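Asker: Provided below for reference: sequence and predicted model.
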Amino acid sequence: MVSVNFRFIFLSVVLSILAGIALSSQAAVREYWIAAEKTAWNYAPSGKNLIETENGMDVWGETLVYQKYRYVGYHDKDFSRPIPQPEWMGILGPQIRAEVGDTIKVHFLNKTDRPLSIHPHGMLYDKDNEGADGGDGALVLPQKRFTYIWVVDEASGPGPNDPSSIVWLYHSHVMAEEEMNLGLVGTIVVTRKGMIRSSEDPSPHDVDREFTALYMIFDEEDGEESGLKHAVNGRIFGNLKGYETQLGEKVRWHIVALGNEEDNHTIHWHGQTVLHHGRRTDVVEVMPASMVTVDMVTRSPGNWLFHCHVNDHMMAGMSTRWVVDKSQ
Ligand SMILES: [Cu+2]
């Protein structure tokens, strides 16, 4: 009996060591191929005010298409196969995702005519991988490449009072304020260790859907009113589509903002409340470079408004809709 017990204990110890190695080796290197590109951007592809159809777009509809710069994700190192994005992402760059413990590798190709970079918020990096302020990755010349390596450590991940995933901004940081206004903005979502869906899909397994919304006033004409595009993910007056949910789903919203002193936004959902760090509300306040994650369980079917509650911003088109469908 004694020897059997010993063998059992020995086996258990070996197995738990192996399990430990397997667990610690789950940390992944997540690679992304992202190019910066010049593109024509239409703030309202329908050409219409889809929120208050009778009102039109006032001065903000005079011109709708502008030259923008965007981050575009590719499947491959040759940058030949772009990764399609859901319509609701609008002007946002590719969604970068990781689990705490992972390493993110971004292979950046600057296809534009000006030096650019990618600067991430929240990640662990050394000076060369900061994408700003003098390191090797601070300035990537036109047609040049740079590979950024960012470590997703404990301090990059959700804190004790955060939900299972949180959002960070990334943006170009050579002439940061100009480049964010050009459209060089995206987000990184980091999921708490052990909460990812699968090793291939590092999104959190305890929510049904995650959306990101960038509330930002783009200045297209040096402050002229008609050029101030009060946008959600780069679309105005309800032209951002695709925030679609099913009744009863747990939906997570990552809200970010950028811009200037007028970019103080109060983000409001109709038809629904959200949990914001334990506080129940249906309005979330953001300022430039705010990053906020809130959760909801959809409870009321409908085609609901999702807009900034600042009067001037609402009137200038900082509105869209989100859908709760009960058909399934
Ligand atoms: Cu606003």
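Answerer: Happy to help now that I have it.

Asker: For the chain, what lies in contact range of the ion?
Answerer: With the criterion set to C-beta under 5 Å from the ion, the chain comes near the ion through 265, 308, 310, 313. Placement of C-beta: from N, CA and C, glycine included.

Asker: could you dump these to CSV with secondary structure, pLDDT and neighbour count?
Answerer: As requested, the residues of the chain next to the ion are arranged in CSV below (DSSP: H, G, I helix; E, B strand; the rest coil; pLDDT from 0 to 100; neighbours: other C-beta atoms under 10 Å):
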residue, secondary structure, pLDDT, neighbour count
His265, strand, 98, 28
Cys308, strand, 98, 26
Val310, coil, 96, 19
His313, helix, 97, 22
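
Asker: And the pLDDT at Leu64?
Answerer: Here, the pLDDT recorded for Leu64 equals 98.

Asker: In the stretch 151-300 of the chain, mark out all the helices, start to finish.
Answerer: Per DSSP state H, counting those that start in this stretch, the stretch 151-300 of the chain carries helices over the ranges 176-182.

Asker: Report the rounded mean pLDDT for stretch 175-184.
Answerer: Regarding stretch 175-184, the rounded mean pLDDT is 96.

Asker: so His265 bridges to which residues?
Answerer: His265 forms beta bridges with Val286, as assigned by DSSP bridges.

Asker: I'd say it and Asp312 touch.
Answerer: No. With contact defined as C-beta atoms under 8 Å, His265 does not count as touching Asp312 (11.0 Å).

Asker: residue closest to the middle of this structure?
Answerer: For the chain, the residue lying nearest the average C-alpha position, counting by C-alpha atoms, centre = their mean, turns out to be Thr187 (3.1 Å).

Asker: buried residues in stretch 100-107?
Answerer: Of the residues in stretch 100-107, 100-104, 106-107 count as buried by neighbour count, 16 or more other C-beta atoms under 10 Å.

Asker: cool, stretch 186-199 as well?
Answerer: Applying 16+ other C-beta under 10 Å to stretch 186-199 flags 186-193, 195-196 as buried.

Asker: now stretch 108-117
Answerer: Using 16+ other C-beta under 10 Å as the test for burial, stretch 108-117 gives 108-110, 112, 114-117.

Asker: CA atoms only for that stretch - export them in CSV, please.
Answerer: Listed next in CSV are the C-alpha coordinates belonging to stretch 108-117 (Å, rounded to 0.1, in the frame of the first residue of the first chain):
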residue,chain,number,x,y,z
PHE,A,108,4.0,48.6,-39.2
LEU,A,109,4.4,49.7,-42.8
ASN,A,110,4.0,53.4,-43.5
LYS,A,111,2.5,53.7,-47.0
THR,A,112,1.9,57.4,-46.7
ASP,A,113,3.8,60.5,-47.5
ARG,A,114,4.7,61.7,-44.0
PRO,A,115,6.6,60.2,-41.1
LEU,A,116,4.3,58.3,-38.7
SER,A,117,4.3,55.9,-35.7
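
Asker: quick one: average pLDDT of it?
Answerer: Averaging pLDDT along stretch 108-117 yields 98.

Asker: same thing with stretch 276-283?
Answerer: This predicted structure assigns stretch 276-283 an average pLDDT of 96.

Asker: distance between the ends of that stretch?
Answerer: When the termini of stretch 276-283 are compared using C-alpha to C-alpha, to the nearest Å, they are 9 Å apart.

Asker: ok now it, how far from the chain's centre?
Answerer: Relative to the mean C-alpha coordinate of its chain, stretch 276-283 is positioned 20 Å out (C-alpha atoms, centre = their mean, to the nearest Å).

Asker: Dump the buried residues of stretch 108-117 into TSV; add secondary structure as well.
Answerer: Shown next, in TSV, are the buried residues of stretch 108-117 (DSSP: H, G, I helix; E, B strand; the rest coil):
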residue	secondary structure
Phe108	strand
Leu109	strand
Asn110	strand
Thr112	coil
Arg114	coil
Pro115	coil
Leu116	strand
Ser117	coil
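
Asker: Please consider this matter closed, and thank you.
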